[in-house]
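Engineer: structure for this input, please:
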Amino acid sequence: MHRPLCPVETLYVGQRSRAVLSCTLRGHVDVEALAAAFQTVTQAHPTLRSRIVTDGAGPALVLLDETARPRLETRTGDLEEAYATELNRPLTVGGPLSRATLVSAPGGEEHLFVLLVDHTVTDGHSGIALHNALWDHYRALVTGERPRTEGPDPDLPDTPDWPEPVSALLPPADEADTAAYLDARTAHAKDHPVDLVRYDVTPAGAPGEAAGEGHIEVCRLTLDADRTARLRERARRAGVSVHALVAAALLATARRQLGGEGPRTLGCLSPVDLRSRLTPPLEASVMVPAVTTHLQTLEVSETSDPLDLARTVHARLTDFIAGGGHFHEMRITPEIPRNPALQLATVIVTNMGVVPGPRLPDGLDAVDVRLVPGRENYFPQAGRSPLMACVVSFEGRLSIEFPHYTACFTPSFMRAFRDEVLDGLLAFASEAHPEPVTADAG
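Structural biologist: Prediction:
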């Protein structure tokens, strides 16, 4: 049975992008129970045990044969190296749209669990919900709340309950209104071209990196719970969101990278969750990409006040959602391949908000939880591109991940960029540096 992809979902097919969820664990992991838990969630979500096919009618999902469906992969190794490997190991073309891997350090008390899901069938919210649901199943299995099953009966037909694409759940709209919105967006993009940060490409012959080649790395910024709370309080007192404060810090840092004097036109792209804004709301557990974007352009100079930038970002995003722009934006998304300027931004700032981490059984602790986007296609030859910041607060601790391709932006460049953003956030929180702040790459 096929499930056709809608035009919005089809855009992700060519991007080969994926959500990479991971958690570092300490304690005993029952591998058999974890494998059973992964099998349970893939059985519950047909998109996870599907592959993408293309025929005359366009791309579609089709269930994999039982023998080709994803199973938990396990191995022993260094956890940092394992994370780098999994981050750069794409899902197989024509294969499953999900993968789960458990890597255990020698000794068996420290582990890394990595869950990859193709963005054609997920977004950040559903990815986190899936990750937590998997560990809920695991906890129930090891505590005896739920029996361990062998999976579906291969002799019974598999009749998947495919989720509807979000583009089919949007409220009705007048075609003339959508056309007018597209015309206005196109005109604005033409009249306000944004500046992009130039690549900091590793020179030919530099140790460890051949010219024109690269891999994905992640530079990371984290705040402890106290500093995160202070930043949240600063946002509340200023009447803006934490997202706006983060966006302002990124915009100010990007402007310094551009050099020169006077204002430059910068673009800030903010993903907008549609799940809570649909009628009825769509649960986070539904495995579909349910996100659109808001692009705004700002005139930013080297002397721009970051709090003023935050207020502008916040006000414009609020007005955009209040006016229903997020629904219009979803409707015009299929136009983006013909007009990439509709989503061209200096910085891309995701906003997952505060989310719970996995609930684990006694004897197993989650030391760290991460969400990072990855993709296959990077273009060093372009010379410049947006800078992405993936923002999420697991258990009340802010984390900003800066994924980058090393043939475009070098690790040293991204570390310096990260440190400037950190300084901006600490300034917002009215902090010096009396307490330790982690800012580690990897």
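Engineer: find the centremost residue of the chain, please.
Structural biologist: P373 (4.2 Å; CA atoms, centre = their mean).
Engineer: list the contacts of it.
Structural biologist: Residues counted as contacts of P373 (CB atoms under 8 Å, 6 or more residues apart in numbering) are 17-20, 119, 350, 388, 390, 403. Every residue, glycine included, has its C-beta placed from N, CA and C.
Engineer: take these and write them to TSV, including neighbour count.
Structural biologist: TSV is the format used below for those (neighbours: other CB atoms under 10 Å):
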residue	neighbour count
S17	18
R18	25
A19	25
V20	25
H119	23
T350	22
M388	18
C390	24
P403	21
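Engineer: can you list the weak-confidence ranges in the stretch 301-442 of the chain?
Structural biologist: Low-confidence segments of the stretch 301-442 of the chain (pLDDT under 70): 431-442.
Engineer: the helices in it, which residues?
Structural biologist: Taking DSSP state H, counting those that start in this stretch as the test, the helices found in the stretch 301-442 of the chain are 306-322, 325-332, 411-428.
Engineer: surely V349 meets C268?
Structural biologist: Yes - judged on CB atoms under 8 Å, V349 makes contact with C268 at a distance of 6.4 Å.
Engineer: quick one: which of these two has more around it?
Structural biologist: Between V349 and C268, counting by other CB atoms under 10 Å, C268 is the more crowded of the two (28 against 25).
Engineer: can you tell me which helix or strand that one belongs to?
Structural biologist: Assessed by DSSP states H and E, C268 sits inside strand 264-273.
Engineer: direction included, what does that strand pair up with?
Structural biologist: strand 291-300 (antiparallel), strand 347-349 (parallel) (DSSP bridges).
Engineer: on that earlier part again, got TSV for the helices of the stretch 301-442 of the chain, with distance to R198 too?
Structural biologist: Below are those laid out as TSV (distance: least, CB to CB, whole Å):
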stretch	distance to R198
helix 306-322	22
helix 325-332	28
helix 411-428	10
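Engineer: right, and those helices - which one's nearest I128?
Structural biologist: I128 sits nearest to helix 325-332 of all those, at 20.3 Å, using CB to CB.
Engineer: show residues contacting that closest one.
Structural biologist: By CB under 8 Å, 6+ apart, the list of residues contacting helix 325-332 reads 8, 166-167, 170-171, 173, 177-178, 181-182, 185, 272, 274, 277, 292-294, 320, 342.
Engineer: beta partners for V291?
Structural biologist: Note on V291: beta-bridge partners D273, judged by DSSP bridges.
Engineer: could I get the contacting residues of it?
Structural biologist: V291 touches 123-125, 271-274, counting by CB under 8 Å, 6+ apart.
Engineer: just the strands in the stretch 1-150 of the chain please.
Structural biologist: 2-4, 18-27, 50-55, 58-63, 73-76, 98-104, 110-118 (DSSP state E, counting those that start in this stretch).
Engineer: mind listing what's buried along the third one?
Structural biologist: When burial is assessed from 16 or more other CB atoms under 10 Å, strand 50-55 yields the following buried residues: 50-52.
Engineer: JSON lines for these, including pLDDT and distance to C219?
Structural biologist: Below are the buried residues of strand 50-55 laid out as JSON lines (pLDDT from 0 to 100; distance: CB to CB, whole Å):
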{"residue": "S50", "pLDDT": "96", "distance to C219": "33"}
{"residue": "R51", "pLDDT": "95", "distance to C219": "33"}
{"residue": "I52", "pLDDT": "95", "distance to C219": "31"}
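Engineer: include distance to E110 when you put these into CSV, please.
Structural biologist: Formatted as CSV, those follow (distance: CB to CB, whole Å):
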residue, distance to E110
S50, 33
R51, 33
I52, 35
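Engineer: re the thing from before, adding distance to N377, write the strands paired with strand 264-273 out as CSV.
Structural biologist: Below are the strands paired with strand 264-273 laid out as CSV (distance: least, CB to CB, whole Å):
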stretch, distance to N377
strand 291-300, 19
strand 347-349, 16
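Engineer: so of those, which one's packed in deepest?
Structural biologist: Greatest average neighbour count among these goes to strand 347-349 (a mean of 24), per mean count of other CB atoms under 10 Å.
Engineer: separation between A382 and L196?
Structural biologist: In this structure, A382 and L196 are 9 Å apart, going by CB to CB, to the nearest Å.
Engineer: neighbour-wise, which of those two wins?
Structural biologist: A count of neighbours by other CB under 10 Å puts L196 above the other of A382 and L196, at 21 against 10.
Engineer: kindly state the beta-bridge partners for the nearest residue to the more buried one once chain neighbours are set aside.
Structural biologist: In this structure, L196 finds its nearest non-sequential neighbour in R384, 4.0 Å apart by CB to CB, 6 or more residues apart in numbering. Beta-bridge pairing of R384 under DSSP bridges involves R198.
Engineer: which residues does R384 contact?
Structural biologist: By CB under 8 Å, 6+ apart, the residues touching R384 are 196-199.
Engineer: hmm, which of those are the buried ones?
Structural biologist: Neighbour-count burial (16+ other CB under 10 Å) applied to the contacts of R384 gives 196-197, 199.
Engineer: and of those residues, the nearest to G107?
Structural biologist: Y199 (41.1 Å).
Engineer: residues contacting the closest one?
Structural biologist: 380, 382-385, 408-409.
Engineer: repeat that for R198.
Structural biologist: Neighbours of R198 in contact, by CB under 8 Å, 6+ apart: 257, 383-384.
Engineer: what pLDDT does it get?
Structural biologist: pLDDT recorded at R198 is 95.
Engineer: M1 too?
Structural biologist: The score at M1 is 68. That number is its pLDDT.
Engineer: same check, this time on V13
Structural biologist: So, for V13, pLDDT stands at 89.
Engineer: wait, doesn't it sit right on T120?
Structural biologist: Yes - judged on CB under 8 Å, V13 makes contact with T120 at a distance of 5.8 Å.
Engineer: who's more crowded, these two?
Structural biologist: Shown here are V13 and T120; by other CB under 10 Å, T120 has more neighbours (26 against 16).
Engineer: return the residues in contact with that one.
Structural biologist: Residues counted as contacts of T120 (CB under 8 Å, 6+ apart) are 5, 9, 12-13, 52, 97, 289.
Engineer: mind putting the strands of the stretch 1-150 of the chain into TSV with distance to A315?
Structural biologist: Shown next, in TSV, are the strands of the stretch 1-150 of the chain (distance: least, CB to CB, whole Å):
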stretch	distance to A315
strand 2-4	39
strand 18-27	30
strand 50-55	40
strand 58-63	38
strand 73-76	47
strand 98-104	39
strand 110-118	34
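Engineer: so which of those gets nearest A44?
Structural biologist: strand 98-104 (12.0 Å).
Engineer: tell me the angle the closest one makes with strand 110-118.
Structural biologist: Here strand 98-104 runs at an angle of 170 degrees relative to strand 110-118 (axes from the mean of the first three to the mean of the last three CA atoms, to 10 degrees).
Engineer: and strand 98-104, what does it pack against?
Structural biologist: In terms of contacts (3 or more CB pairs under 8 Å, 6 or more residues apart in numbering; DSSP states H and E), strand 98-104 is packed against helix 31-44, strand 73-76, helix 79-87, strand 110-118.
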